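> mind looking at a prediction? Sequence and model below.
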Amino acid sequence: MTIARRLIIYGRVQGVGFRAFVHGHAQKLGLDGFVRNRMDGTVEALVVGEEEKIDMLIAHCHEGPPASRVSKVEASEAQGVVDKGFRHLPTV
């Protein structure tokens, strides 16, 4: 069953390769969606796919790349109409 989740990741998550980290894991898991920086210093992702795989990505987001310091990951239900594949979007 395909679901969609909006993730907001807090902490030291910009300028540390976090978007590339999320992008790589999402691609390996076969998820669709996007990741982007936000002007408030967080990283946002919309992920669409199987619930189990999204849960795996969320677990990776709690860890983050070595230079990051994740303080919180918020995951909420979302409407997920996205193109196939996973991509970076500009900062909002």
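Nice, thanks for sending it over. Treat the numbers as computed from the prediction; the structure is a model and nothing was measured.

> contacts and neighbour counts: CA atoms only from here.
Will do.

> what's the neighbour count on Val16?
Neighbour count of Val16, defined by other CA atoms under 10 Å: 15.

> tell me how far it lies from Gly41.
Going from Val16 to Gly41 by CA to CA, to the nearest Å gives 12 Å.

> find the centremost residue of this structure, please.
Ala45 (3.7 Å; CA atoms, centre = their mean).

> my guess is that one contacts Asp32, does it?
No: counting by CA atoms under 8 Å, Ala45 sits too far from Asp32 to count as a contact (10.3 Å).

> quick one, strands of the protein?
Secondary structure of the chain (DSSP state E): strands at 2-12, 32-37, 43-50, 69-77, 86-88.

> next, the buried residues of the fourth one.
Taking 16 or more other CA atoms under 10 Å as the neighbour-count basis, strand 69-77 is seen to contain the buried residues Arg69, Val70, Val73, Ala75.

> again, but for the third one
Buried residues in strand 43-50, counted by 16+ other CA under 10 Å: Val43, Glu44, Ala45, Leu46, Val47, Val48, Gly49.

> do the same with the last one
Of the residues in strand 86-88, those buried by neighbour count under the rule 16+ other CA under 10 Å are Phe86, Arg87.

> could you list the low-pLDDT ranges of this structure?
80-81 (pLDDT under 70).

> can we see that at 80?
80-82 (pLDDT under 80).

> without its sequence neighbours, what residue ends up closest to the residue lying farthest from the centre of it?
In terms of distance from the mean C-alpha position of the chain, Met1 ranks first, at 19.3 Å (CA atoms, centre = their mean). Nearest residue to Met1 in three dimensions, chain neighbours excluded: Glu50, at 5.8 Å (CA to CA, 6 or more residues apart in numbering).
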